[in-house]
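Trainee: Okay, structure incoming, though there's no sequence with it:
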């Protein structure tokens, strides 16, 4: 029986979002209207179970939607991605019998907007270490002190999933994962970047941000962990991130193909460049890269949904997906520019914006070095002591 994939984003909604994307990029502004319309469409409740009023979509279904949204407006897709990562990891855990983060789904159902506040400058341990200080309170809650970078949705989030190090935990140092509100936080006005400008991923300062006891969901030893939370976080983050950049590639290929049909050649007696064998080769190269990226993103998302057994290679598969998808998207955008002529070099060109946006892919975890280390270990085993 063919599978039915559910969708929340209509073509009309995506067209409106696409129409606004260039202005937000030029003005370095947050896409408030995009977020409002996405919320009205139920998209912020995509992962929320139907019994809480959400859509109850699978990871594959949301990944497909994110690719469509990114083709319309990459920065909007990347911004909302962070809310979807937080709600998605909670849905994944709940679906596997772990209700420790179920409050996230209830809050999302009530309209709260989640951001993902884990990245720290100079922290190449990523999720396995933290420069942020977590101070345990008498009631079992925590206060957090530190600085988080690349906090997408910074103007609008109402809940922040974050973590920090409790060096004085009675069981030894622990990385404490929790959700805080706006109190005890401040946002720097420092988001002026090459691309992905509308995400407004400003720096967040935690100065006593409080997590109530019921919003503290993990205290893990520093270093790699087999805890289900870590798998859920990596799985949802890497798959949805890959989907965003795959969507960029999809739109770039479409624009490149349109340009070859529109442009004509003196060399070929006024025929369209789409008839030039050299140009056709480049378009085909872009399509080969794009097709491969899309197939692997949706296939691995389905494996997560169906709890496929990749054994000890799960993390290698996930970080490898991120690297392949973001690098493939860069290749596709570059080839689209090459076949589109000099007009694509002007600031107002959509391809120019996609070129700037796609470069952000190299900065997301897992970076190239970390991913290669993870994959090498999965094949060759750990380095000798």
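Mentor: Good, I have the coordinates. This one's a predicted model, so the numbers in the text were calculated from it and none came from an experiment. Numbers count the residues shown, from 1 in each chain.
Trainee: mind checking which helix or strand residue 379 is in?
Mentor: Assessed by DSSP states H and E, residue 379 sits inside helix 368-380.
Trainee: Ignore what I typed, I meant residue 24.
Mentor: According to DSSP H and E, residue 24 maps onto helix 11-27.
Trainee: Any idea how many residues pack against the closest residue to residue 116 other than its chain neighbours?
Mentor: Excluding its sequence neighbours, the residue lying closest to residue 116 (CB to CB, 6 or more residues apart in numbering) is residue 82, at 4.1 Å. Backbone N, C-alpha and C define where each C-beta goes, glycine included. When neighbours are counted by other CB atoms under 10 Å, residue 82 registers 28.
Trainee: and the strand or helix carrying residue 82, what does it pack onto?
Mentor: According to DSSP H and E, residue 82 maps onto helix 74-95. The contact analysis (3 or more CB pairs under 8 Å, 6 or more residues apart in numbering; DSSP states H and E) places helix 74-95 against helix 11-27, helix 32-40, helix 59-72, helix 102-109, strand 114-117, helix 228-262, helix 350-358.
Trainee: And the average pLDDT for that helix is what?
Mentor: In this model, helix 74-95 carries a mean pLDDT of 98.
Trainee: next one: stretch 105-123
Mentor: Stretch 105-123 comes out at a mean pLDDT of 96.
Trainee: Is it correct that the residue nearest to residue 116 is in contact with residue 148?
Mentor: No. The criterion here is CB atoms under 8 Å, and residue 82 misses it with residue 148 at 11.6 Å.
Trainee: now the angle from the helix holding residue 379 to helix 228-262?
Mentor: In terms of direction (axes from the mean of the first three to the mean of the last three CA atoms, to 10 degrees), helix 368-380 departs from helix 228-262 by 120 degrees.
Trainee: elements contacting helix 368-380?
Mentor: Helix 368-380 sits against helix 314-340, with contacts defined as 3+ CB pairs under 8 Å, 6+ apart.
Trainee: how much space between the residue nearest to residue 383 when sequence neighbours are not counted and residue 224?
Mentor: Of all residues not flanking residue 383 in the chain, residue 377 sits nearest, at 7.9 Å (CB to CB, 6+ apart). Residue 377 sits 10 Å away from residue 224, going by CB to CB, to the nearest Å.
Trainee: same check, this time on residue 77
Mentor: From residue 77 across to residue 224, the span is 30 Å (CB to CB).
Trainee: out of the two, which sits in the busier spot?
Mentor: Remark: of residue 77 and residue 224, residue 77 carries more neighbours, 31 against 14, as counted by other CB under 10 Å.
Trainee: and the gap between the residue nearest to the more buried one when sequence neighbours are not counted and residue 218?
Mentor: Spatially, and ignoring its direct neighbours in sequence, residue 77 is nearest to residue 70 (3.8 Å; CB to CB, 6+ apart). Using CB to CB, residue 70 is found at 30 Å from residue 218.
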